[in-house]
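**Student:** Here is a sequence with its predicted model. Questions after.
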Amino acid sequence: MSSDQIAISVRGLGKSYRIGQKANHSTAAEAALAWMRNPFRPAPTDQMWALQDVNFDVPRGHVVGLLGRNGAGKSTLLKILTRITAPTTGEIRIAGRVASLIEVGTGFQPELTGRENIYLNGAILGMRRRTIAERFDEIVDFSGVEKFLDTPVKHYSSGMYVRLAFAVAAHLDADILLVDEVLSVGDAEFQKKSLGKMEAVASAGRTVLFVSHDMAALESLCNTGITLSGGRMVGEAPIREALLTYHQTLGHSDASSSSEPIDLGDQYRYFRGFDMLDDEGRSTRTMVTGGRLHLQIQVDSDESFEYPSFVVRIDNTKGQRILTLRSPRTDAAIPRLAGPGEVSCIVDQAPFAPGDYVVRISLARGLEDVEAVEQVLSFTVRNADTFGDGWGAREGLCVAPSSWNLVEMEQKTYRRA
Amino acid sequence: MNSDVVVIRPPKGMASLDLKLLWQFRDLLRAFAERDIRLRYRQTVLGAAWVILQPLLGAGIFSIVFGMIAKLPTGGLPYFLISYAGFLSWTLVQGIVTRVSPSLLGNAPLIRKVFFPRLLAPFGAVPSVLVDFVVALGLMVVLMIVYRVTPGWGILLMPFCLLVLLLLSFGVALIASTLMVKYRDIQHIVPFGMQLLMYASPVGYTIAVVPEKLRTWYFLANPFAVPIDAVRSSLLGAAPANLSWLAYSAVVSLVVFAVGLMVFHSYEREFADVI
């Protein structure tokens, strides 16, 4: 393939973070004190490689899906490609104008009106003012918020907010589009509309690099899939094949390998961490069928979020949704989220049949998801005779405790209802 | 198509400023500026009045303290006018330093999630300060008419002095903004430092009251002093500025500005990881 046809070429890419250093001295006073104590020995730091030795080419006009669980390095890769952060090793060549749909709505100012925010957000995403003016009507039309254009966006519902943000980003003019999980917010109807827009972009011959946990969207949009694991590339294949391999690996690994709390860092607005706990409060990735499921979500919020609704969705590895749990909206509701906190979700007798499960968490206002973390964790359910019937789970998707008895009849006739 | 191939490599030493990129994003400068000005004049109850009140109140207090209590010489001018003319320059210096230096932290969510030339964050904070300055300058003109003061030819020197102050304070602010990303306590140190600098500068007094033998050290140590005093004397038609010291301040301002740009630019690509 001639170099003319390559849109993105990545060679030997690596990104390491120095851990420890940032936490040690976040103030000049501390740094100065440390230096006075030990002027010639720098504080010991550890290196953590978020990406290592990544190589791939994306041909012009191809739509490539990036697969991998949380922490696999997908977001870091996109951040480097968009030049938000710099690589530690390697080289990337990008031919054409790049636009990114990462975290739509970043940079929206609550005090400014919808109209003002369209211009501000467009400029932040690198659009010329004239271009925004030309597409203004189109953007407003797509977002469906024309009635509230001159209202400060702080009065918008979260759905309107996301719609407007996506509308601006979707009208970017670029040869190469980097998309990170933008389709997981908003209501179902808007998600469909966004997906339609993405399909139009993809079929218009533009190059797209797409991160999503929405398997159906990946399958319908992408030509090829690149799979990352632990910061390394583990495969590049046609999308169906890549998805299949990815799916098979999803269920395993976690149960045996890691049993540490998941740190989401600051990549999300509200979610900070996640964990599954056993009866003694230790981190675990296994449970028994019918046993107690204890999930813990670390959250934080800059502003006061009234009546947050936390949602946990649990799928099996075939992609079937087994259970959706929502924090209550009755008197038992969580009144507000305003700062760091820990949300516990406990199901005393979780009715899972043996197998592997994948958890998705989201924070919603009403029924609308504001933020979601897909596949935040997967766990394994082992068979056990929790309900003391001597059988445990044998077949079916779920279990339940049951009581049985036989009432003996005097006569040999059945009672009719 | 190959004209716009972007090559991304690890940061290595001093890279040259990518002026082409800055030019490409020039509309963002305007967008940042508009945002700051809109927010500033929309959120506060007093709005624009606040911009006038600050130097007015400051000048009022200083004319009581230095003019009436300490009874510093005025050269025949009303003390209020002297201290207001000092506060005029100070509005610029203080505005630039206190609003440009937190411009990176203030845009932290953007820096973490979106790519744009980082230099536009501090540059974008400047126009709203200039608007404040123009408002304060308008009031200065009113005061001069009220007090019947006419500037002499010295007024031609004023734009130059303002430029020196602008470069000097912007350079300082660039360094502070870079340090602030890594060391959060800088944001508490900056206002304190500015308070000290205000008393160390001829804002509420003129350099005429600085003892002769101290002046060399005073001018050397505080490059803000001569241009601040020169802005006042050019407006009030007072004794002209010492041109060689003004030249010294101008050279220092260029150096500080260049150092500020270099410091900022050499850490620019790490901001998203640290902030």
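**Tutor:** Sure thing, it's come through. Numbers count the residues shown, from 1 in each chain, chains lettered A, B, ... in the order given.

**Student:** Pick out the residue of the stretch 301-417 of chain A closest to chain B.
**Tutor:** Per CB to the nearest CB, residue A:302 is where the stretch 301-417 of chain A lies closest to chain B, at 9.1 Å. In this view, the C-beta of every residue, glycine as well, is placed from N, C-alpha and C.

**Student:** Within its local environment, how many residues does that residue see?
**Tutor:** Residues contacting residue A:302 under the criterion other CB atoms under 10 Å in any protein chain shown number 10.

**Student:** Could you confirm it falls within a helix?
**Tutor:** No. Read with DSSP: H, G, I helix; E, B strand; the rest coil, residue A:302 is coil and lies in no helix.

**Student:** And for the closest residue to residue A:400 other than its chain neighbours, the neighbour number?
**Tutor:** Spatial nearest neighbour of residue A:400, chain neighbours left out: residue A:351 (5.5 Å); criterion: CB to CB, 6 or more residues apart in numbering or on different chains. A count of nearby residues for residue A:351, using other CB under 10 Å, gives 19.

**Student:** pretty sure residue A:351 is in contact with residue A:288, am I right?
**Tutor:** No. Between residue A:351 and residue A:288 there is no contact under CB atoms under 8 Å: 11.7 Å.

**Student:** quick one, helices of the stretch 1-150 of chain B?
**Tutor:** B:19-24, B:26-43, B:48-62, B:79-100, B:103-106, B:108-113, B:120-146 (DSSP state H, counting those that start in this stretch).

**Student:** quick one: low-confidence ranges for the stretch 51-200 of chain A?
**Tutor:** A:102-105, A:181-188 (pLDDT under 70).

**Student:** number of nearby residues for the residue in the stretch 201-350 of chain A positioned nearest to chain B?
**Tutor:** Using CB to the nearest CB, residue A:266 is the residue of the stretch 201-350 of chain A that sits closest to chain B, at 7.2 Å. Residue A:266: 13 surrounding residues under other CB under 10 Å.

**Student:** name the element it belongs to?
**Tutor:** Per DSSP states H and E: residue A:266 is located in neither a helix nor a strand.

**Student:** In what element of secondary structure is residue B:202 found?
**Tutor:** Going by DSSP H and E, residue B:202 is not part of any helix or strand.

**Student:** Run through the residues that contact it.
**Tutor:** By CB atoms under 8 Å, 6 or more residues apart in numbering or on different chains, the contact list for residue B:202 reads B:86, B:210, B:225, B:228-229, B:232.

**Student:** and if you look at residue A:382?
**Tutor:** Here residue A:382 is in contact with A:286-289, A:354 (CB under 8 Å, 6+ apart).

**Student:** Near chain A, which residues of the stretch 151-275 of chain B? Just list them.
**Tutor:** By CB under 8 Å from any CB of the partner chain, the residues of the stretch 151-275 of chain B that approach chain A are B:179, B:182-186, B:189, B:269-270, B:272-274.

**Student:** Identify the spatial nearest neighbour of residue A:93, chain neighbours not counted.
**Tutor:** Closest to residue A:93 by CB to CB, 6+ apart is residue A:9, at 4.6 Å.

**Student:** On the three-state scheme, the one you found is what?
**Tutor:** strand.

**Student:** hey, where'd the helices end up in the stretch 1-150 of chain A?
**Tutor:** A:21-24, A:28-37, A:74-81, A:114-124, A:129-143.

**Student:** Any chance of CSV for those helices, columns mean neighbour count and distance to chain B?
**Tutor:** Listed next are the helices of the stretch 1-150 of chain A as CSV, based on neighbours: other CB atoms under 10 Å in any protein chain shown; distance: least, CB to the nearest CB, whole Å:
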stretch, mean neighbour count, distance to chain B
helix A:21-24, 12, 6
helix A:28-37, 13, 4
helix A:74-81, 24, 7
helix A:114-124, 24, 4
helix A:129-143, 16, 4
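
**Student:** Out of these, the one nearest residue A:386 is which?
**Tutor:** Closest to residue A:386 of the helices of the stretch 1-150 of chain A is helix A:74-81 (CB to CB; 37.1 Å).
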